[in-house]
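Chemist: Below are the sequence and a predicted model for it; my questions follow.
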Amino acid sequence: MIVQSATPPVHECNADALILALGADWENSPTITELDRRMSGQLSRWIQDGEILTKPMKTATILSPIGLQAKTLILVGLGSPGVGKSGLKKSSDGTVSDVDSVAGVAFRAAAAGAKIASQAKTRKTIAFAGFGDFLHQEATAMQSAVAGSVTGGIGQDLFKAESATAPAETILWYDVSEELLQSGKAIGESMILVKRLVNLPPNYLYPDSFVQEAVAVGAEAGFQVEVWDEAKLIAENCNSLLAVSKGSTRPPRLCILRYAGNPSSTETSTIDNAPIALVGKGVTFDSGGYSLKPTDGMLTMKCDMAGAATVLGILRAAALLKIRQPIIGLVGLVENMVAGNAMKLGDVLTARSGKTIEVHNTDAEGRLVLADVLNVALDYSPSKIIDFATLTGACCVALGNDIVGVMSNDNDLQQELLVTASNVGEYAWPLPMFPYFSEQIAGKVADIKNVGEGRWGGAITAAKFLEQFVDEKPWVHLDIAGPAFLDSPKSWCDAGGTATMVRTIIAMLSK
Ligand code: BES
Ligand code: MN
Ligand code: ZN
């Protein structure tokens, strides 16, 4: 994909589609005013008549617009970015719940425009104009808009002879600096990688093929990839991860991604010479094991490696952006299957840390994988740990399908994550980690068991289990079971993988 600055005046832009931002405050937009004049006042009449809406992500398509060189004009609503509709105001510590942040609207509106454009194969070159007028040229928002323009046209139909979506080959932008264009592109393309890996079916994407993808991405973006095979995992006592993998004919892998950081970066954030560890759940298919899932629940379980894909995508973007912060990515890759030698209910495992775990439910496998991967992360003396996991259906029950559950042992780190997510316009919300939840995972014959008492609070008991393996390091757990994978499309994103949290973590690490 080529992403570059547009040069001719907007009315002379001869792109296959011109995507024009339309905020509620359109009368004060120089871009809209000029195009409206070229179109003999047609645009303002349609807006005033209510034929064209200025609400966020509403689109209107005008074929062969008179007075413009572009073959098609696509208007996309931005509403009043930054004003916010949630009613909650910023508190003194910066916390907001307002996901209609300027950058969030910018990302979703640009993506919605790119998605509409991708519905016709003829639109090979698309141009974006007018966004700066409504986003006040705010850097994070403009970068988010570019990322949205890159990802929005990408569909999940990887295997259709006649794909329903044809993402543009060239994307032109008005009023965006070269730096923001290139960083927005790096973030957007890393999100495309995450979406593609999540969308790949489990007969294509399994532990070893994920590793091959990671090796290729590391070579392209500039970070090291180390692979632990089954023999190494055995030698390292990763018995909890290995137990999940036992029923599968596909051997497990642990992949360590190392980005050294860039000491000459001018980023002014706290300079940690210690790496931050990003840990991902990479269950390439989750049948549930002997605690077998029903068909409906199993059908989309190719998405259970979304955490691992997220870590790989973040590493790719961080390396291309040459951010200051060193990163260690660790992903545990397994298939959770049934077989004569598969893990059984009642099995007792000795994790790499030495803790013993009673298996009460083989479908609570993600935490068994992460127990060992988190323990390996500690070997690198990270300053903090963030894990990403499609861990529990209970998190979707608690927060719905669109919100990331945030659980932590460190209030400052949790706040930093929540504030960043809110600033970039991703949906994340905290769940409490009161100590008494730990009582629920106390073991009967071993140190701990892998589920709580009954299903209530299941997202939190899962997090409490993970907490046992981070040794008091500042740690935040992101349960992405809902938002990582959409069952039905949104105006700004096809169904399937979403690459949730890539924008948030890149923003958090590159301040
Ligand atoms: N991978 C699932 C969680 C999941 C559910 C992800 C829906 C995406 C969408 C996880 O391994 C799982 O099966 N969790 C169980 C835990 C339970 C057995 C304690 C669940 O949520 O039911
Ligand atoms: Mn499971
Ligand atoms: Zn799972």
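Modeler: Everything's here; your move. Numbering: from 1, shown residues only. Ligands and ions are numbered 1, 2, ... in the order given.

Chemist: only C-alpha atoms for contact and neighbour calcs from this point on.
Modeler: OK.

Chemist: and the closest residue to ligand 1 within the stretch 101-250 of the chain, what pLDDT?
Modeler: The shortest separation between the stretch 101-250 of the chain and ligand 1 is 10.7 Å, found at Val244 (distances taken as C-alpha to the nearest ligand atom). Per-residue pLDDT puts Val244 at 98.

Chemist: What is the burial count for it?
Modeler: Val244 is surrounded by 29 other residues when neighbours are defined as other C-alpha atoms under 10 Å.

Chemist: Without its sequence neighbours, what residue ends up closest to it?
Modeler: Excluding its sequence neighbours, the residue lying closest to Val244 (C-alpha to C-alpha, 6 or more residues apart in numbering) is Asn336, at 5.7 Å.

Chemist: Which residue ranges of the stretch 101-250 of the chain form strands?
Modeler: Secondary structure of the stretch 101-250 of the chain (DSSP state E, counting those that start in this stretch): strands at 125-129, 170-173, 224-228.

Chemist: can I get these in a markdown table with mean pLDDT, mean neighbour count and distance to ligand 1?
Modeler: Listed next are the strands of the stretch 101-250 of the chain as a markdown table, based on pLDDT from 0 to 100; neighbours: other C-alpha atoms under 10 Å; distance: least, C-alpha to the nearest ligand atom, whole Å:
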| stretch | mean pLDDT | mean neighbour count | distance to ligand 1 |
| --- | --- | --- | --- |
| strand 125-129 | 98 | 25 | 35 |
| strand 170-173 | 98 | 22 | 33 |
| strand 224-228 | 98 | 17 | 22 |
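
Chemist: ok, back up a step: contact partners for the residue nearest to Val244?
Modeler: Val244, Ser245, Gly247, Ser248, Val283, Thr284, Phe285, Asp286, Ser287, Gly288, Gly289, Glu365 (C-alpha atoms under 8 Å, 6 or more residues apart in numbering).

Chemist: Quick one, grab the pLDDT at the residue of the chain at minimum distance from ligand 2.
Modeler: Nearest to ligand 2, among the residues of the chain, is Asp363, at 3.6 Å (C-alpha to the ion). According to the predicted model, the pLDDT of Asp363 comes to 98.

Chemist: and it, what does it touch?
Modeler: When contacts are counted by C-alpha under 8 Å, 6+ apart, Asp363 touches Asp286, Ser287, Gly288, Gly289, Tyr290, Ser291, Leu292, Lys293.

Chemist: same deal with Pro474?
Modeler: Listed by C-alpha under 8 Å, 6+ apart, the contact set of Pro474 reads Ser383, Lys384, Ile385, Ser408, Asn409, Asp410, Leu413.

Chemist: Narrow those residues to just the buried residues.
Modeler: Listed as buried from the contacts of Pro474 are Lys384, Ile385, Ser408, Asn409, Leu413; burial here means 16 or more other C-alpha atoms under 10 Å.

Chemist: mind checking the end-to-end distance for stretch 325-341?
Modeler: Taking C-alpha to C-alpha, to the nearest Å, stretch 325-341 runs 43 Å from one end to the other.

Chemist: So for that stretch, what gets flagged as buried?
Modeler: Neighbour-count burial for stretch 325-341, counted by 16+ other C-alpha under 10 Å, picks out 325-338.

Chemist: Check stretch 154-162 too.
Modeler: Buried residues in stretch 154-162, counted by 16+ other C-alpha under 10 Å: Ile154, Gly155, Gln156, Asp157.

Chemist: Surely the third one and Asp494 touch.
Modeler: Looking back up the chat, that one is Gln156. Yes. With contact defined as C-alpha atoms under 8 Å, Gln156 and Asp494 form a contacting pair (6.6 Å).

Chemist: hmm, the lengthiest helix in the chain in reach of ligand 1?
Modeler: For the chain, the helix reaching the highest residue count under DSSP state H is reported as helix 178-199. No. Helix 178-199 lies out of reach of ligand 1 by C-alpha under 6 Å from any ligand atom, never closer than 11.6 Å.

Chemist: who touches that helix?
Modeler: With C-alpha under 8 Å, 6+ apart as the test, helix 178-199 has contacts from 3-5, 139, 142-151, 154, 156, 158, 173, 205, 302-306, 309-310, 312-314, 316-317, 320-321, 485, 496-499, 502-503.

Chemist: Only alpha carbons, please: show it as PDB.
Modeler: Taking Å, rounded to 0.1, in the frame of the first residue of the first chain, the C-alpha atoms of helix 178-199 are listed here in PDB:
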ATOM      1  CA  GLU A 178       5.100  13.300   6.300                       C
ATOM      2  CA  GLU A 179       6.000  12.100   9.800                       C
ATOM      3  CA  LEU A 180       2.400  11.500  10.800                       C
ATOM      4  CA  LEU A 181       1.700   9.900   7.400                       C
ATOM      5  CA  GLN A 182       4.500   7.400   7.800                       C
ATOM      6  CA  SER A 183       3.700   6.600  11.500                       C
ATOM      7  CA  GLY A 184       0.000   6.300  10.800                       C
ATOM      8  CA  LYS A 185       0.800   3.900   7.900                       C
ATOM      9  CA  ALA A 186       3.100   1.800  10.100                       C
ATOM     10  CA  ILE A 187       0.400   1.500  12.800                       C
ATOM     11  CA  GLY A 188      -2.300   0.800  10.200                       C
ATOM     12  CA  GLU A 189      -0.300  -1.900   8.400                       C
ATOM     13  CA  SER A 190       0.600  -3.500  11.700                       C
ATOM     14  CA  MET A 191      -3.100  -3.700  12.500                       C
ATOM     15  CA  ILE A 192      -3.700  -5.300   9.100                       C
ATOM     16  CA  LEU A 193      -1.200  -8.000  10.100                       C
ATOM     17  CA  VAL A 194      -3.000  -8.600  13.300                       C
ATOM     18  CA  LYS A 195      -6.400  -8.800  11.600                       C
ATOM     19  CA  ARG A 196      -5.100 -11.200   8.900                       C
ATOM     20  CA  LEU A 197      -3.500 -13.600  11.500                       C
ATOM     21  CA  VAL A 198      -6.700 -13.600  13.500                       C
ATOM     22  CA  ASN A 199      -8.800 -14.200  10.400                       C
END
